[in-house]
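Trainee: need a 3D model of the following:
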Amino acid sequence: METRQFGKTDMQVSVLGFGGAEIGYERATADVVARLLDDALDAGLNVIDTAECYLDSEELIGQAAARRRKDYYLFTKCGHPEGPGRDDWRPDSLLRSIERSLRRLKTDRLDLVQLHSCSEDELRRGAVIEALRRAREKGYTRYIGYSGDGQAARYAIESGAFDALQTSVSIADQEAIDLTLPLAQARQMGVIAKRPLANAAWRYAERPENAYHQPYWERLRVLDYDFLRSDPRQAASVALRFTLGVPGVHTMIVGTAKPGRWRENAALLDAGPLPREQFEAIRSRWREVADASWVGQI
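Mentor: A predicted model of the protein is given here:
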């Protein structure tokens, strides 16, 4: 598995990482997560990213992988201690949340703590940034980052406070390629691409019931890329290789609750970099049909 230097940090990250949302939301068992992560770590994965609001994701990761803590970089997010959509940006709450994450993940220090989709207004007030700095001073984390999209992400970069940015980058989510990634690259920030497969929304013949998949499904219907009409694995390979080819991206996180699936996803990268002509055709199609409302998906 290829690795890349993660911005100005001392981390050399695998280009494909593990996203912990699915194991929480799909109620994966501890045995399944242990098999999944052991297989992925054995295959070269060294990035695990989760969040305190992904139900019991942190506990599952801690139970499954704490004994192999030296084998991977551990990232989490804070700001929603009571669950998705229930934000709490008070500094004391953020610090308590990070302390709870350390206990759940069975570690004495994280490699990266990220503010999770914090608004630009909250960032401008400064207290949330100061809370993460305090967490770093306390030794809770080595680096601090921002996870989000749009103008809030741009402000986070411009503030100079963060070591890393996690943002949406995919064949169906390209706002960041112009809005934030060039600036993050210039600032030498580590960049994590979330949802690089655009939730594989092309799999659905009809509009999916799950609202989480609907925006990408609708966009892909308009984008109508020809490669999405090919073999599903080939389509997934093109999608991943597109995201990996975006300047400034260091690692992509893909979630799964199925043992062996991470290794399968890693194999999709074996074809090597996406040909420049195909990469530019995807970018050109986006510029041609993308609506102004197609902002980064939180």
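Trainee: could you use CA atoms for every contact and neighbour count after this?
Mentor: Noted.
Trainee: look at Tyr212 and report its pLDDT.
Mentor: We have a pLDDT of 82 for Tyr212.
Trainee: please renumber so the chain begins at 49
Mentor: Shifting the count to begin at 49 puts that one at Tyr260.
Trainee: for my notes, confirm it occurs in a strand.
Mentor: No. Remark: Tyr260 does not belong to a strand; assigned using DSSP: H, G, I helix; E, B strand; the rest coil, it is coil.
Trainee: Glu147: neighbouring residues, count only.
Mentor: By the criterion of other Cα atoms under 10 Å, Glu147 has 15 neighbours.
Trainee: state the helix or strand in which it lies.
Mentor: helix 139-152 (DSSP states H and E).
Trainee: for that helix, enumerate the helices and strands it packs against.
Mentor: helix 105-113, strand 121-126, helix 175-185 (3 or more Cα pairs under 8 Å, 6 or more residues apart in numbering; DSSP states H and E).
Trainee: got the angle for the second one vs helix 105-113?
Mentor: Counting by axes from the mean of the first three to the mean of the last three Cα atoms, to 10 degrees, strand 121-126 points 160 degrees away from the direction of helix 105-113.
Trainee: show me where this protein has strands.
Mentor: Remark: strands assigned in the chain by DSSP state E are 51-53, 60-62, 64-67, 95-97, 121-126, 158-164, 189-195, 212-216, 238-242, 299-303.
Trainee: now these as JSON lines including mean pLDDT and distance to Arg75?
Mentor: As requested, the strands of the chain are arranged in JSON lines below (pLDDT from 0 to 100; distance: least, Cα to Cα, whole Å):
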{"stretch": "strand 51-53", "mean pLDDT": "97", "distance to Arg75": "30"}
{"stretch": "strand 60-62", "mean pLDDT": "98", "distance to Arg75": "26"}
{"stretch": "strand 64-67", "mean pLDDT": "96", "distance to Arg75": "14"}
{"stretch": "strand 95-97", "mean pLDDT": "98", "distance to Arg75": "17"}
{"stretch": "strand 121-126", "mean pLDDT": "98", "distance to Arg75": "19"}
{"stretch": "strand 158-164", "mean pLDDT": "98", "distance to Arg75": "21"}
{"stretch": "strand 189-195", "mean pLDDT": "98", "distance to Arg75": "24"}
{"stretch": "strand 212-216", "mean pLDDT": "98", "distance to Arg75": "24"}
{"stretch": "strand 238-242", "mean pLDDT": "98", "distance to Arg75": "21"}
{"stretch": "strand 299-303", "mean pLDDT": "96", "distance to Arg75": "13"}
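Trainee: could the ones you listed be laid out in a markdown table, adding mean neighbour count and distance to Ala287?
Mentor: Shown next, in a markdown table, are the strands of the chain (neighbours: other Cα atoms under 10 Å; distance: least, Cα to Cα, whole Å):
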| stretch | mean neighbour count | distance to Ala287 |
| --- | --- | --- |
| strand 51-53 | 15 | 19 |
| strand 60-62 | 21 | 17 |
| strand 64-67 | 26 | 13 |
| strand 95-97 | 24 | 20 |
| strand 121-126 | 24 | 24 |
| strand 158-164 | 24 | 25 |
| strand 189-195 | 24 | 21 |
| strand 212-216 | 27 | 13 |
| strand 238-242 | 26 | 12 |
| strand 299-303 | 25 | 11 |
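Trainee: for those strands, which one sits closest to Ala204?
Mentor: strand 189-195 (6.7 Å; Cα to Cα).
Trainee: can you list the strands that that closest one pairs with?
Mentor: Paired with strand 189-195 in the same sheet, following DSSP bridges, are strand 158-164 (parallel), strand 212-216 (parallel).
Trainee: in a markdown table, list these along with distance to Asn94.
Mentor: Compiled in a markdown table, the strands paired with strand 189-195 are given as follows (distance: least, Cα to Cα, whole Å):
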| stretch | distance to Asn94 |
| --- | --- |
| strand 158-164 | 12 |
| strand 212-216 | 16 |
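Trainee: what sits against the residue nearest to Leu64 when sequence neighbours are not counted?
Mentor: Nearest non-adjacent residue to Leu64, counting by Cα to Cα, 6 or more residues apart in numbering: Met300, 5.0 Å away. Met300 makes contact with 63-65, 240-244, 291-292 under the criterion Cα atoms under 8 Å, 6 or more residues apart in numbering.
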